[in-house]
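Enquirer: got a structure for you, letters missing:
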C-alpha cells in the first residue's frame, strides 16, 4: 500500500495526545499509561526513551534511522527479533505479517524494519490488543501517546483503506 499525497497532511495530525519534547518526562508519560498496559513503540528515539525511562515495551518497531540518519538500535531486553521490508511511504504485506506475528509472541518483541517504520503505527493500531498504548514521535514536536480505542482502530482502518 502506497501513501497518496492527499493523505500526507492528515497524517501530520497526531493520532493521540501530543506531549511536547520538553515535557516528555518519565512522570508525565507515566500518567498517561495505565498499569498493565501493553506498550508499543514505533521509532528508534521513542523506543530508546521508553526503555531508558524503565517502561516495559512489549512491541518495539525500529529502523535504525532517526530523521533519515543512521543510528544504533536502542539497547534493551528483547525476547525475539523479527525483520521486515517496508519502503518509505508504504505499508507492505510483509510488515503487516510481522506485526501480527509479533503480537502473538512472548514480549518483548522487536521488529527491525529495512526501510521506514513511520506508517506502521496504522497496522499496529488495527491489530494490537485492546489494552494497548502506542507511542511514536511527532517530528520536531514531541511524543504522541495513543490509547487504543475503537475510534482509533476505525481511523487507522480508514486511512489504510485509502492507500492503494
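Expert: Nice, thanks for sending it over. Because the structure is a prediction, the values reported are computed rather than measured.
Enquirer: quick one: low-confidence ranges for this protein?
Expert: Applying pLDDT under 70 to the chain flags residues 66-69.
Enquirer: chain center to the biggest helix by length in it: distance?
Expert: Across the chain, the longest stretch assigned as helix under DSSP state H is helix 150-162. How far helix 150-162 lies from its chain's middle: 15 Å, per CA atoms, centre = their mean, to the nearest Å.
Enquirer: packing partners of that helix?
Expert: Under the contact definition 3 or more CB pairs under 8 Å, 6 or more residues apart in numbering; DSSP states H and E, helix 150-162 sits against helix 5-11, helix 121-127. The C-beta positions use only the backbone N, C-alpha and C, and glycine is treated the same way.
Enquirer: 6 Å instead?
Expert: Judged by 3 or more CB pairs under 6 Å, 6 or more residues apart in numbering; DSSP states H and E, helix 150-162 is in contact with helix 121-127.
Enquirer: other SSEs contacting the helix it packs on?
Expert: Under the contact definition 3+ CB pairs under 6 Å, 6+ apart, helix 121-127 sits against helix 93-103, helix 150-162.
Enquirer: contacts for it, please.
Expert: 40, 42, 96, 99-100, 103, 134, 136, 152-153, 156-157, 159-160 (CB atoms under 6 Å, 6 or more residues apart in numbering).
Enquirer: circling back to that earlier point, highest mean neighbour count out of the helices and strands packed on helix 121-127?
Expert: Counting by mean count of other CB atoms under 10 Å, helix 93-103 has the highest mean neighbour count of the helices and strands packed on helix 121-127, with a mean of 18.
Enquirer: residues making contact with whichever helix or strand comes after it?
Expert: Per DSSP states H and E, the first helix or strand lying C-terminal to helix 93-103 is strand 109-115. For strand 109-115, the surrounding residues in contact (CB under 6 Å, 6+ apart) are 59-63, 78, 80-87, 98, 102.
Enquirer: please check those and keep the buried ones.
Expert: Neighbour-count burial (16 or more other CB atoms under 10 Å) applied to the contacts of strand 109-115 gives 59, 60, 61, 62, 63, 78, 82, 84, 86, 98, 102.
Enquirer: let's see which of the residues you listed end up in strands.
Expert: 59, 60, 61, 62, 82, 84, 86 (DSSP state E).
Enquirer: the residue nearest to the first one when sequence neighbours are not counted: what secondary structure?
Expert: The reference is to residue 59. Leaving aside its sequence neighbours, residue 59 sits nearest to residue 40 (CB to CB, 6 or more residues apart in numbering; 4.4 Å). The three-state assignment at residue 40 reads strand, by DSSP: H, G, I helix; E, B strand; the rest coil.
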